[in-house]
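> structure here, sequence nowhere to be found:
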């Protein structure tokens, strides 16, 4: 016997998962008797080579069972605790339950289902608890970014472009084509071109597209970057409507995306910008401290572990297990220096290599990646040399960078790949870079899910999860503070070791 649920954390919470008189619910989860058909559908889609962004019950029923569920809001949104259920409410609830049961039978079971479920339960607990907001500081930041946006808008208006107004895209394209011609004239190179979209041939405003600017700066492009940044910050991170009456945000976590990681929205607490102190709007609840703890070089450890299991050896694993800082070690290797003499800038160069090349970046893409993420400007020849040196330093990576081609989806123009984690999750129809990233990103994410579950079972107050970092609230005057910190560390290590 088992329980079939769609969005099991919500259903389990309604049923009283943590209530002392409902121990059978927690016991059912531990014994793997709870099936989440939403999670099963995501895994099913990945295994079939599709990416599912919408796994609501009516969408899954339409795709898998080929039936339509009428979303009658007069019924769906009028359930309340303790109410006497009239006939139409009973029928609506029974249909949802019956369809969920059918879905559980219609899709096969997948490996890592349990890991996704217990991680999802812990993440949902984080969302319910919420994270406290300093409203005063929030308002200060809103005013600051509004001012910056207005200043950038004034500069753009000088070119006839008005951000956020309809019909302005043609103006932007015209200005960008003019800038492109200017650049070709200055550099005496008619081949210099910004990247275009496939459908309309419009100039893209991505970092990769704008790399042809080199050291050149243009006021339109700089103002466009600033205005776009301000719009994103204001709409994604400083939106007051996301703060509820309890002065907290209650983010919504999704259990699994195509990379193998989790995701977060309303707001996205997993992608809070480091710069400009946007993270400063969040504060501990009264009487508490934040305790933030993360894993050291987690994805590189997962990469080394994957190579070790699949190839039987890994130079990267040897360096890590030798207790050395991988970035300093590699910097010393390529520069012929003693590890102790490596500078911060030299270590940044090594970080760009160690984090960029495992994901399958080509030398041109790596060139942009290095300057964008680590402030390291490199000529193309040096990028080629660095990739060769990285592969020589970690020979196992040559095999890692040869994912299995997916014959079902590949064609002469576009190759796709099958990729899997050592925990058994399969994804088909992946791009080359996704296929390179997935094994170690997915493994790291699965270990973090298990750690979250252990921490949830011991009732620690988790308030955010950022892939390799968990943020807790601990009582400021708690006499057990240090012992709780030790226990948190133990559980995080134990979960990942599994």
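Sure thing, it's come through. Just so we're clear, the structure is a prediction, and the values are computed from it rather than from any experiment. Residues are numbered from 1 along each chain as shown.
> strands of the stretch 151-300 of the chain, start to end?
Using DSSP state E, counting those that start in this stretch, the strands of the stretch 151-300 of the chain run over residues 248-249, 252-254, 263-265, 282-283, 288-294.
> what's near enough to touch residue 40?
Residues in contact with residue 40 (Cβ atoms under 8 Å, 6 or more residues apart in numbering) are 103-104, 107, 109-110, 113. All C-beta spots, glycine's among them, are computed from the backbone N, C-alpha and C.
> just the buried residues out of those, in ChimeraX syntax.
Per 16 or more other Cβ atoms under 10 Å, the buried members of the contacts of residue 40 correspond to this ChimeraX selection:
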select :103,104,107,110,113
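> using CSV, please lay out the strands of the stretch 151-300 of the chain together with distance to residue 400 and mean neighbour count.
Listed next are the strands of the stretch 151-300 of the chain as CSV, based on distance: least, Cβ to Cβ, whole Å; neighbours: other Cβ atoms under 10 Å:
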stretch, distance to residue 400, mean neighbour count
strand 248-249, 38, 20
strand 252-254, 28, 17
strand 263-265, 25, 17
strand 282-283, 37, 17
strand 288-294, 24, 15
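> quick one: which of those strands is nearest residue 449?
Shortest separation from residue 449 across the strands of the stretch 151-300 of the chain is recorded for strand 252-254, at 11.1 Å, computed as Cβ to Cβ.
> so which elements touch that closest one?
helix 113-129, strand 263-265 (3 or more Cβ pairs under 8 Å, 6 or more residues apart in numbering; DSSP states H and E).
> still on that earlier bit, the strands of the stretch 151-300 of the chain: which one's closest to residue 394?
When the strands of the stretch 151-300 of the chain are compared (using Cβ to Cβ), the closest one is strand 288-294, at 23.4 Å.
> would you check that residue 494 makes contact with residue 454?
Yes: counting by Cβ atoms under 8 Å, residue 494 touches residue 454, with 6.6 Å between them.
> mind checking which of the two has more residues around it?
Per other Cβ atoms under 10 Å, whichever of residue 494 and residue 454 has more neighbours is residue 454, with 19 against 12.
> to residue 92, which of the strands of the stretch 151-300 of the chain lies closest?
Nearest to residue 92 among those is strand 252-254 (23.5 Å), distances taken as Cβ to Cβ.
> circling back: and which of the contacts of residue 40 is nearest to residue 213?
Closest to residue 213, out of all of the contacts of residue 40 and judged by Cβ to Cβ, is residue 110, at 45.7 Å.
> if I pick that closest one, what's in contact with it?
With Cβ under 8 Å, 6+ apart, residue 110 has these contacts: 40, 43-44, 47, 425.
> so residue 471: helix, strand or coil?
The three-state label for residue 471, taken from DSSP: H, G, I helix; E, B strand; the rest coil, comes out as strand.
> and the one 3 residues further on, by the same measure?
Following three-state DSSP, the label given to residue 474 is strand.
> roughly how far does it sit from residue 392?
46 Å (Cβ to Cβ, to the nearest Å).
> and if you look at residue 302?
Separation of residue 302 from residue 392 (Cβ to Cβ): 22 Å.
> likewise for residue 439?
Per Cβ to Cβ, residue 439 is found 22 Å from residue 392.
> likewise for residue 362?
Distance of residue 362 to residue 392, computed by Cβ to Cβ: 18 Å.
> how many residues are close by the closest residue to residue 148 other than its chain neighbours?
Distances taken as Cβ to Cβ, 6 or more residues apart in numbering place residue 230 nearest to residue 148, at 5.2 Å, with adjacent residues excluded. Look at residue 230: counted by other Cβ under 10 Å, it has 22 neighbours.
> which residues touch residue 230?
Residue 230 makes contacts with 145-146, 148-149, 152, as judged by Cβ under 8 Å, 6+ apart.
> among the residues you listed, which are in helices?
Assigned to helices by DSSP state H, the following of those qualify: 145-146, 148-149, 152.
> so for stretch 106-123, what gets flagged as buried?
In terms of neighbour count (16+ other Cβ under 10 Å), stretch 106-123 has its buried residues at 106-107, 110, 112-123.
> show me which pair in these is furthest apart.
106 and 122 (27.6 Å).
> who touches stretch 326-335?
297, 300, 316, 319-320, 337-339, 341-342, 346-347, 349-351, 353-354, 386, 389-390, 393.
> just checking, what packs against whichever helix in the chain runs longest?
The residue-count maximum for a helix in the chain (DSSP H) belongs to helix 432-457. Counting contacts by 3+ Cβ pairs under 8 Å, 6+ apart, helix 432-457 is packed against helix 113-129, helix 298-311, strand 417-420, strand 426-430, strand 462-465, strand 469-475, helix 481-497.
> which of these sits closest to residue 163?
Nearest to residue 163, of the helices and strands packed on helix 432-457 and by Cβ to Cβ, is strand 462-465 at 31.1 Å.
> what's the mean pLDDT across that closest one?
On average, the pLDDT along strand 462-465 is 98.
> helices and strands around it, which ones?
Using 3+ Cβ pairs under 8 Å, 6+ apart: strand 462-465 touches helix 113-129, helix 432-457, strand 469-475.
> try it again with 6 Å
Applying 3 or more Cβ pairs under 6 Å, 6 or more residues apart in numbering; DSSP states H and E, one finds that strand 462-465 contacts helix 113-129, strand 469-475.
> and residue 24, which of those is closest to it?
helix 113-129 (15.5 Å).
> how big is the angle separating the closest one from helix 432-457?
If you take axes from the mean of the first three to the mean of the last three Cα atoms, to 10 degrees, helix 113-129 sits at 60 degrees to helix 432-457.
> who's in contact with helix 113-129?
Helix 113-129 is contacted from outside by 9, 32, 36, 39, 250-253, 255-256, 446, 449, 452-453, 456, 462-463, 465, using Cβ atoms under 6 Å, 6 or more residues apart in numbering.
> of the buried residues of stretch 106-123, closest to residue 406?
Nearest to residue 406 among the buried residues of stretch 106-123: residue 110, at 17.8 Å, using Cβ to Cβ.
> helix, strand, or coil at residue 384?
Strictly by three-state DSSP, residue 384 counts as helix.
> ok, back up a step: for the helices and strands packed on strand 252-254, which one sits closest to residue 92?
Comparison of those against residue 92 by Cβ to Cβ identifies helix 113-129 as nearest, at 23.4 Å.
> tell me the strands beside the helix or strand just after the closest one, with direction?
Counting by DSSP states H and E, the next helix or strand C-terminal to helix 113-129 is strand 131-133. Within its sheet, strand 131-133 is paired with strand 248-249 (antiparallel), strand 282-283 (antiparallel), according to DSSP bridges.
> could you redo those as JSON lines and give each row distance to residue 4 and mean pLDDT?
Below are the strands paired with strand 131-133 laid out as JSON lines (distance: least, Cβ to Cβ, whole Å; pLDDT from 0 to 100):
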{"stretch": "strand 248-249", "distance to residue 4": "31", "mean pLDDT": "98"}
{"stretch": "strand 282-283", "distance to residue 4": "37", "mean pLDDT": "98"}
